[in-house]
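Engineer: Next one to model:
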Amino acid sequence: MLGRIFRAVRDYLYGVVAAIANGLGIQGPPPPPWNWTMTDELGQANTQINDMFKRYMQDAGIKAAQFALRVSVRQPNNTFGNGGLAMSTAYTWAEPGYFITQPGSVMRIASCSKIFTTAAVLDLIQNRHLLTGQEKVFDFLGISSNDSRVSSSPQPRDHRVFDITVQHLVKHAGGWNVPDHFTHDWVFRLREIGQHMGLHRPVTKQEFAEFMFNVPLDFTPGTDSKYSNIGYLLLGLVIEKASGSSYINYVTNNLLTPLSISDVAVAKTRLAGRLGNEVYYEDPFFGADTTLSPFVTRLVPLPYGGFGTMTEVMDSGGGLLTSAKSLAKFIYYNNVLVSDITDNPGRNDGQQRDGDMAGTSSVAASFSLKDGSKQFDMAMIFNSFDAGGNKMGPITTNDGLQRFVDSIKAFVLANF
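Structural biologist: Take a look at the predicted model:
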């Protein structure tokens, strides 16, 4: 009882401190003078697109971005060649001395990581026949009763969890309906899970799955579809169990190496783990450090552990990093938005996937001219989240980014 009272008081005081610290970030980035830098890998950047990025980044206070565009022209034999790289640019709008983003820099891509996960699942099902898609997920992962750290009862609170299949996870139909992904999603509540399980270190992916086994579902699996980070984190574990290798090793060896893509990796949550060619992630807000014991409260910037999650745990659901040019290349060969295990694993026209987390926004889109004569595969990544002008909270909306994406798409369709 005294322990619970102590934690309640501690968490209340933490909330006050966090509110004060976050209040300091309300004003957003400092005013200019900042420097604008554009780096062009190919020497053929489009001036109008560069200007559009400059206006958008300056209006939104975004410091770093990348853009890549591949263009494929229909050939007389009705094929599209290899989708040549038409633009590969990087942009920096920041104070003097700030890290200059290069086209070869790497950046976190949040939920665009799911593109690699669905590609791996389809590969395991359609090519290697190591999965059927009908496996019962928790049974497949060897979770058939509650871990004693989760519940004193061996049986889950909702027996429908036994019915969740790989297909359900791919379709976002596993049974979880999260009204607000950044405040209610268990993926962003790892400290709470760790406290419940009595851990004095960060939660692992396997422990996350064991905890979710006992969380009641919001609907019967397969009867509805609600966007689920939870399901895609579990898919990463399924890939590991089916392949016998780590998630990132399977993706690298079987999907990336054949395409000569070498810069996809699982991002490190802590700033100390930043790669030499990795950008810095910007967010004015703070939270309790998820990389420590969940019973220890230390405030850190949201992108570096304060957001309630860890990129190492989220790998398959939102923890990867890469460059925009590699992301654009990958979607030329792979489906951007898989919705079923029977989907074509190859390029899927007219689809877009977005990724948003503290310090990160990403977009990957495949589209084409109406007459089908040209195809475009486009990727853009930013080192902060566009809160649509609302600086009063860590996450609000990314509508401003979508309007920008639509304007870039329209320009590409009219001019390339």
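Engineer: Quick check: what element follows the host helix or strand of residue 191 along the chain?
Structural biologist: In the assignment (DSSP states H and E), residue 191 maps to helix 190-197. The C-terminal neighbour of helix 190-197 among helices and strands, as given by DSSP H and E, is helix 205-212.
Engineer: and that following helix, how far from the chain's centre?
Structural biologist: In terms of Cα atoms, centre = their mean, to the nearest Å, the centre of helix 205-212 is set 19 Å apart from its chain centre.
Engineer: Stretch 405-413 now?
Structural biologist: With Cα atoms, centre = their mean as the basis, stretch 405-413 stands 23 Å off its chain's centre.
Engineer: avg pLDDT for that stretch?
Structural biologist: Mean pLDDT, stretch 405-413: 97.
Engineer: CA atoms of that stretch as PDB?
Structural biologist: Once non-C-alpha atoms are left out, stretch 405-413 reads as follows in PDB (Å, rounded to 0.1, in the frame of the first residue of the first chain):
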ATOM      1  CA  VAL A 405       2.800  16.000 -49.900                       C
ATOM      2  CA  ASP A 406      -0.300  16.600 -52.100                       C
ATOM      3  CA  SER A 407       1.300  19.700 -53.600                       C
ATOM      4  CA  ILE A 408       4.600  17.800 -54.300                       C
ATOM      5  CA  LYS A 409       2.600  14.900 -56.000                       C
ATOM      6  CA  ALA A 410       0.700  17.400 -58.100                       C
ATOM      7  CA  PHE A 411       3.900  19.100 -59.200                       C
ATOM      8  CA  VAL A 412       5.600  15.800 -60.100                       C
ATOM      9  CA  LEU A 413       2.600  14.600 -62.100                       C
END
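Engineer: Buried residues, that stretch. List them.
Structural biologist: Under the neighbour-count criterion of 16 or more other Cβ atoms under 10 Å, stretch 405-413 has 405, 408-409, 412 buried. Every C-beta, even on glycine, is put in place using the N, C-alpha and C of the backbone.
Engineer: now stretch 225-235
Structural biologist: Within stretch 225-235, the residues scored as buried using 16+ other Cβ under 10 Å are 228-235.
Engineer: on that earlier part again, now the angle between helix 205-212 and the helix holding residue 191, please.
Structural biologist: 70 degrees (axes from the mean of the first three to the mean of the last three Cα atoms, to 10 degrees).
Engineer: possible to save the buried residues of stretch 225-235 as CSV with pLDDT?
Structural biologist: What follows is the buried residues of stretch 225-235, written out as CSV (pLDDT from 0 to 100):
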residue, pLDDT
228, 96
229, 97
230, 98
231, 98
232, 98
233, 98
234, 98
235, 98
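Engineer: Quickly name whichever of those residues is closest to residue 188.
Structural biologist: Of all those, residue 229 has the smallest distance to residue 188: 8.0 Å, by Cβ to Cβ.
Engineer: That closest one contacts residue 189, correct?
Structural biologist: No - in this structure, residue 229 is not within contact of residue 189 by Cβ atoms under 8 Å, at 11.1 Å.
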